[in-house]
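> structure here, sequence nowhere to be found:
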């Protein structure tokens, strides 16, 4: 496994492997590290579908707000490299901030509309940082396919919109959410949770399961009614502090009108949650593709 730390090294490593493996495709998994089974599922999918697989690990400062957890974001380089090797990754790109941003960034990529709700509303500027760093990484690695987890479904929609609008020659491959046995969505931030916070955080997956059942069983339930049920269910947890509960069309992220009967609407549905437990903000979602 090759470890590259500069732009020159990552470009040279990818080019060399392409020469050594003619007609090969390159899969790419961009991450912020502190890897877990969710990331491993993306890496294994890339290895399954491509002859060359690249992983990047970079905690991107320009997607964090002034009061967010950049400095305390968990890091474990040796553990990450070990897991990448176990998954069959060929190249790991481990740039520093100085490598990614050698001078103050005067150019940013902003995707309109898709970014305006959910995390885009509660974390201003976040997605500008995401799209900018992902575009930079795409230009460095030049992958054929890139793999993103649907736990951050809005991020997937934003990156797909950017790729479409800018004619970036890469296929975006969304991958399912990976959960613990008790239903908690895997996240690098789960390490921050106390035992009690983690116990109460199960309300996220439980509320989504309940919402799915209600849509199946009550064909006339409206977006407003379902939203109210989810909010009340989460608020029953004493330390749960709701950032947002949103029911939107996917991938446009357009909010459903309050009176829309969800079971009868002809679009994909995303029920998205962001809730704080203590100082830790967790996101989760349920994606329901339209079935005619």
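Yep, that arrived. For clarity, every value in this text was computed on a predicted model and none was experimentally measured.

> wait, isn't residue 248 in contact with residue 268?
No: applying Cβ atoms under 8 Å, one finds residue 248 not in contact with residue 268, separated by 9.5 Å. For the C-beta atoms, the positions are set from N, CA and C on the backbone; glycine is no exception.

> more neighbours: those two, which one.
When residue 248 and residue 268 are compared on other Cβ atoms under 10 Å, the one with more neighbours turns out to be residue 248, at 23 against 15.

> confirm that that one sits in a strand.
Yes: with DSSP: H, G, I helix; E, B strand; the rest coil as the criterion, residue 248 is located in a strand.

> how near is the residue nearest to residue 51 when sequence neighbours are not counted to residue 71?
Distances taken as Cβ to Cβ, 6 or more residues apart in numbering put residue 24 closest to residue 51, at 3.5 Å, once the chain neighbours are dropped. As for residue 24, its distance to residue 71 is 39 Å (criterion: Cβ to Cβ, to the nearest Å).

> okay but residue 152 is in contact with residue 283, surely?
Yes: assessed by Cβ under 8 Å, residue 152 is found in contact with residue 283 at 6.5 Å.

> common neighbours of those two, please.
residue 119 (Cβ atoms under 8 Å, 6 or more residues apart in numbering).

> circling back to that earlier point, the residue nearest to residue 51: how many residues sit nearby?
Neighbour count for residue 24, taken as other Cβ under 10 Å: 14.

> pretty sure it contacts residue 49?
No: using Cβ under 8 Å, residue 24 is not in contact with residue 49; the gap is 11.5 Å.

> wait, what's in contact with residue 163?
Counting by Cβ under 8 Å, 6+ apart, residue 163 makes contact with 170, 172.

> try 6 Å this time
For residue 163, the contact set (Cβ atoms under 6 Å, 6 or more residues apart in numbering) comprises residue 172.

> in which helix or strand would I find it?
helix 153-166 (DSSP states H and E).

> buried residues in the lowest-mean-pLDDT helix or strand in the chain, which are they?
In the chain, no helix or strand scores lower on mean pLDDT, DSSP states H and E than helix 118-122, which sits at a mean of 94. Buried positions in helix 118-122, judged by neighbour count with 16 or more other Cβ atoms under 10 Å: 118-120.

> got it, and stretch 170-183?
170, 172-175, 177-178.

> return the closest of these with respect to residue 161.
residue 172 (9.9 Å; Cβ to Cβ).
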